[in-house]
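> pasted the sequence and its predicted model underneath.
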Amino acid sequence: MASKKNLVPEAKEALNRFKMEAAQDVGVNLKQGYNGDLTSKEAGSVGGQMVKKMIQSYENNMK
């Protein structure tokens, strides 16, 4: 089972910035704090965009 505990606590702020950037890319109004009013589709699109960017970054670094 996955844990919400960050393995590198210092990375928390960078991950939050990354999440906000991904939300902006897909047009989801993400705010600091509670975002329980988002639909599953909106939340999924943010997570999907984050994964897409991570894969793209990894592929670019392999070249």
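Cool, got the structure.

> okay, helices next: where are they in the protein?
Taking DSSP state H, the helices of the chain run over residues 12-25, 40-62.

> would you mind finding the most buried of those helices?
helix 12-25 (a mean of 14; mean count of other Cβ atoms under 10 Å). In this view, the C-beta of every residue, glycine as well, is placed from N, C-alpha and C.

> residue nearest the centroid of the chain?
For the chain, the residue sitting closest to the mean C-alpha position, by Cα atoms, centre = their mean, is residue 19 at 3.3 Å.

> for residue 23, which non-adjacent residue is closest in space?
residue 30 (3.6 Å; Cβ to Cβ, 6 or more residues apart in numbering).

> what is the burial count for that neighbour?
17 (other Cβ atoms under 10 Å).

> wait, it touches residue 21, no?
No. When contacts are counted by Cβ atoms under 8 Å, residue 30 is not listed as touching residue 21 (9.8 Å).

> and residue 5, how far is that from residue 47?
18 Å (Cβ to Cβ, to the nearest Å).

> nope, residue 58 is what I meant
17 Å.

> likewise residue 27?
If you go by Cβ to Cβ, the gap between residue 27 and residue 47 works out to 15 Å.

> circling back: what residues does the residue nearest to residue 23 make contact with?
19-20, 23-24, 38, 46 (Cβ atoms under 8 Å, 6 or more residues apart in numbering).

> switch to 7 Å and redo it
Counting by Cβ atoms under 7 Å, 6 or more residues apart in numbering, residue 30 makes contact with 19-20, 23, 46.

> which of these sit farthest apart?
20 and 46 (9.2 Å; Cβ to Cβ).

> can you redo the helices of the chain as JSON lines with mean pLDDT and distance to residue 34?
Listed next are the helices of the chain as JSON lines, based on pLDDT from 0 to 100; distance: least, Cβ to Cβ, whole Å:
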{"stretch": "helix 12-25", "mean pLDDT": "93", "distance to residue 34": "14"}
{"stretch": "helix 40-62", "mean pLDDT": "95", "distance to residue 34": "12"}
